[in-house]
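[1] Have a look at this fold, sequence not included:
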């Protein structure tokens, strides 16, 4: 199994956590999004992933983009340490929490979007930071309230073992800190992420621990 | 079962298609995103969905946001007319195609993002249209090439029956036409969407066919 990854990609970080939690060994192939004009645009990578995004999983003929699709595929093909609950309601909740981050926070603040804002719309560094922090604060605010409200919330986003939702939460908070977002309004999210980061599976997936980190 | 929907929401449109394909009756509750300062911010809706987005499903105590999580929940709880393949590889591919739209095209062009660009960053109508068309063209371009490449592509995105991926594709192309995006580079996507729209389940879900359309 091979994972095309970039140390700083939040979406790749999610999959690295999932692989570690499930104890699956994968070869890491590094795609540097800023080097050589963006290695995601190379002819070799373009053939594998015309969407030019990381992560991408290769597994015995399967060539699979999209972090959440990859995590569910890993979970279905390697049942040990399941990252989704067994009941439809629980699975739905974990998917919705994951998508609240993966659809409604992260893509708006992705590298290519920030680049468009700077290069094409000529916004200032301050405006770019405001943009970033606005979408993080908005998304995390709804998520914090949902986790406080729901009885299913436990030591982790759903119950007392890590799920796909935690694989999404930790990279999102990591990025938020990188952009100096104020996380004080989100004590539940911060506490869950701290519990996650105390686990080796999460710690080993951190960007600065990757071979391509620089 | 109740679906909180807005006729023009692309994400709600996906779920309306899924309900129709599966033959599930649901009461439609209309949340007008522009009226009354945005009905998604009302106290009643805020209690149900602190994320302030549509769609939202209510089903026997389940309160579920996020269109893709809703579609998978409907599919798991109502197995007839499955919207996901039975094999893990097929399911992974359908999820990835769906997420290519739901994570990497739609959120960047969502109403609230366009509003931020106009209100806070003061961009022109032309710049806003360029933004919209840029992300649509980029995302659809990768998707077109992927569908042309993959042997699993059939009369629909995956094989010869509609799946969750088609539930995402049709609303995205509908929106693209609304913003006058050039779809001529995407003949495969356009042909699949045409086959979909010939089906009553897709036709009945169109924005202009909804009770709240105006």
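    Right, received. Where do you want to start? What you see is a predicted model, and the numbers here were worked out from it, not measured in a lab.
[2] got the buried residues for stretch A:36-46?
    A:38, A:39, A:40, A:45 (16 or more other C-beta atoms under 10 Å in any protein chain shown). The C-beta positions use only the backbone N, C-alpha and C, and glycine is treated the same way.
[3] wait, what's in contact with the second one?
    What it means is residue A:39. A:31, A:32, A:33, A:45 (C-beta atoms under 8 Å, 6 or more residues apart in numbering or on different chains).
[4] residue ranges with poor pLDDT in chain A?
    Residue ranges of chain A with pLDDT under 70: none are present.
[5] can you give me the offset of the longest helix along it from its chain's centre?
    Taking DSSP state H as the criterion, chain A has its longest helix at helix A:125-149. Relative to its chain's centre, helix A:125-149 lies at 15 Å (C-alpha atoms, centre = their mean, to the nearest Å).
[6] Now do the buried residues in that helix.
    For helix A:125-149, the neighbour count (16+ other C-beta under 10 Å) marks A:128, A:131-147 as buried.
[7] Please settle this for me: is residue A:157 part of a strand?
    No: if the criterion is DSSP: H, G, I helix; E, B strand; the rest coil, then residue A:157 is coil and not within a strand.
[8] out of everything not next to it in sequence, what's closest to it?
    residue A:165 (3.8 Å; C-beta to C-beta, 6 or more residues apart in numbering or on different chains).
[9] Could you pull up the residues touching that neighbour?
    Contacts of residue A:165 (C-beta under 8 Å, 6+ apart): A:94, A:97, A:98, A:101, A:156, A:157, A:158.
[10] Ok, residue A:92 next?
    B:62, B:64, B:69, B:70, B:72, B:73, B:76.
[11] Run a quick check on the third one versus residue A:95, I expect a contact.
    It stands for residue B:69. Yes: at 3.8 Å, residue B:69 counts as touching residue A:95 under the criterion of C-beta atoms under 8 Å.
[12] Those two: which has the busier surroundings?
    residue A:95 (26 against 22; other C-beta atoms under 10 Å in any protein chain shown).
[13] Assess the claim that the more buried one and residue B:75 are in contact.
    No: with contact defined as C-beta under 8 Å, residue A:95 does not reach residue B:75; the gap is 11.6 Å.
[14] which one of the buried residues of stretch A:36-46 sits closest to chain B?
    Closest to chain B out of the buried residues of stretch A:36-46 is residue A:40 (11.0 Å), distances taken as C-beta to the nearest C-beta.
[15] Now do the end-to-end distance for stretch A:55-64.
    For stretch A:55-64, the first and last residues are 9 Å from each other (C-alpha to C-alpha, to the nearest Å).
[16] Domain map for chain A?
    The record assigns chain A these domain ranges, following automatic domain parsing: A:2-81+A:202-209, A:88-199.
[17] Those: which one's closest to residue B:54?
    domain A:88-199 (12.0 Å; C-beta to C-beta).
[18] Centre of the chain to that closest one, how far?
    From the chain centre to the centre of domain A:88-199 is a distance of 9 Å (C-alpha atoms, centre = their mean).
[19] same check, this time on stretch A:68-77
    With C-alpha atoms, centre = their mean as the basis, stretch A:68-77 stands 14 Å off its chain's centre.
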